[in-house]
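Participant: give me a model of this one.
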Amino acid sequence: AGKTCLFNTLNDLDGFRLIMKDSNNLFSSLNNNAKSIRGYDNGDHGIPFPTPEIFKLPLFDDEKSITTYWAGSLLIVLKNALKQDAEFANMFRKYVTEEIYQLLTIDNLLDPTKWVDLLNSSPELWEKTLYHTDIYLQQLSQTIYITYDYLDRVSTEYNRLFPFIRSLLSFWYTRNSRWKRIHCKIFLRTDLFDNSLMLQF
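Facilitator: Prediction:
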């Protein structure tokens, strides 16, 4: 249905600005201060997202750990997107432990077993860090859209796939109105979204 074409266009700077440009200039203030980054995709664009085999581990048998995965991966892609900003790095370090800061790297995105348990034991750390990241972006008048595609590739097994999708939707549903400068765009196959019996969302 063309969702991945739109997803890729959003994640290309010129394509993103073209989409945001409006004849009535409704989005003109965002054109130079907004960008889109990948929160999950097939890993073909330089960000090494985990394989389905990783998500089959017992670590991901409960939805708390799955929610922590989405929160931690969000922290990693935000940290990577703003890595040239020393002030942001200092703010980030202030709200997480040094151990967590060192573990939340783009390389470790491929292996969440290195950090999910640690974040799981202290959810207040990632909540606080994301909250203050949003405040920091407000001060910069910058908006970041986190985009998700290829969610059907998280798992080849439906009974493991739907908890991941449900947790991602719930994660953003509870935060979308609270955060002012961090937003999401989730591209989901209609057959998965319409499967309310399995999705339970």
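
Participant: you'd agree residue 72 is up against residue 113?
Facilitator: No. With contact defined as C-beta atoms under 8 Å, residue 72 does not count as touching residue 113 (11.2 Å). All C-beta spots, glycine's among them, are computed from the backbone N, C-alpha and C.

Participant: more neighbours: the two, which one.
Facilitator: With neighbours defined as other C-beta atoms under 10 Å, residue 72 and residue 113 compare such that residue 72 has more, 23 against 12.

Participant: what comes up buried for the helix or strand containing that one?
Facilitator: Assessed by DSSP states H and E, residue 72 sits inside helix 63-81. Within helix 63-81, the residues scored as buried using 16 or more other C-beta atoms under 10 Å are 65-81.

Participant: what's next to the next helix or strand after it, contact-wise?
Facilitator: Using DSSP H and E, the next helix or strand after helix 63-81 towards the C-terminus is helix 86-95. Helix 86-95 is contacted from outside by 79, 82, 83, 101, 125, 128, 129, 132, 133, 136, using C-beta atoms under 8 Å, 6 or more residues apart in numbering.

Participant: starting at the chain centroid, how far to helix 86-95?
Facilitator: For helix 86-95, the separation from the chain centroid amounts to 19 Å (computed by C-alpha atoms, centre = their mean, to the nearest Å).

Participant: quick one, helices of the chain?
Facilitator: For the chain, helices defined by DSSP state H occupy the ranges 3-10, 13-20, 52-55, 63-81, 86-95, 98-103, 116-120, 123-140, 158-173, 190-193, 196-199.

Participant: could you dump the ones you listed into TSV with mean pLDDT and distance to residue 147 added?
Facilitator: Converted to TSV, the helices of the chain look like this (pLDDT from 0 to 100; distance: least, C-beta to C-beta, whole Å):
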stretch	mean pLDDT	distance to residue 147
helix 3-10	74	6
helix 13-20	69	10
helix 52-55	92	19
helix 63-81	96	10
helix 86-95	94	20
helix 98-103	94	24
helix 116-120	95	22
helix 123-140	95	16
helix 158-173	91	12
helix 190-193	76	16
helix 196-199	67	20
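
Participant: these: which one's closest to residue 33?
Facilitator: helix 123-140 (7.5 Å; C-beta to C-beta).
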